[in-house]
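1. here is a sequence together with a model predicted from it:
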Amino acid sequence: MRFFLGLIIGIALTVGAAAYHDNNIPTPPRGAGDRPIVDWGAAQAVIGDSTAIVRGWWDDLMGRVQNPPQR
């Protein structure tokens, strides 16, 4: 249980640190370290696709549970 809690906290810290860095970049960038770490548009597209797949699986599962096949 502690492993999963640590895993979730580690992921949250990593994403949070990347978001903090990307939202605090000076304009105009002064050097190579001032570029965004994450392409947030691409990340949003991947999350949207993954969510749609999981939602489809869930809907299929719930459809089978609520309407079991007749024998």
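-> It's in. Numbering: from 1, shown residues only.
2. gap between the most centrally placed residue in the chain and V15?
-> The chain has I47 as the residue nearest its centroid, 5.1 Å off, counting by Cα atoms, centre = their mean. Distance, I47 to V15, by Cβ to Cβ, to the nearest Å: 11 Å. Backbone N, C-alpha and C define where each C-beta goes, glycine included.
3. mind listing what the residue nearest to the centre of the chain touches?
-> By Cβ atoms under 8 Å, 6 or more residues apart in numbering, the contact list for I47 is empty.
4. in terms of helices and strands, where is it?
-> Here I47, judged by DSSP states H and E, is contained in helix 40-66.
5. avg pLDDT for stretch 62-71?
-> For stretch 62-71, mean pLDDT rounds to 68.
6. please apply the same query to stretch 47-56.
-> For stretch 47-56, the mean per-residue pLDDT is 92.
7. okay, that stretch in PDB with CA atoms only?
-> The C-alpha coordinates for stretch 47-56 follow below in PDB (Å, rounded to 0.1, in the frame of the first residue of the first chain):
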ATOM      1  CA  ILE A  47      -5.000  11.800 -22.200                       C
ATOM      2  CA  GLY A  48      -8.200  12.500 -24.200                       C
ATOM      3  CA  ASP A  49      -7.600   9.400 -26.400                       C
ATOM      4  CA  SER A  50      -6.800   7.200 -23.300                       C
ATOM      5  CA  THR A  51      -9.900   8.500 -21.500                       C
ATOM      6  CA  ALA A  52     -12.100   7.700 -24.500                       C
ATOM      7  CA  ILE A  53     -10.700   4.100 -24.700                       C
ATOM      8  CA  VAL A  54     -11.300   3.500 -21.000                       C
ATOM      9  CA  ARG A  55     -14.800   5.000 -21.200                       C
ATOM     10  CA  GLY A  56     -15.600   2.700 -24.200                       C
END
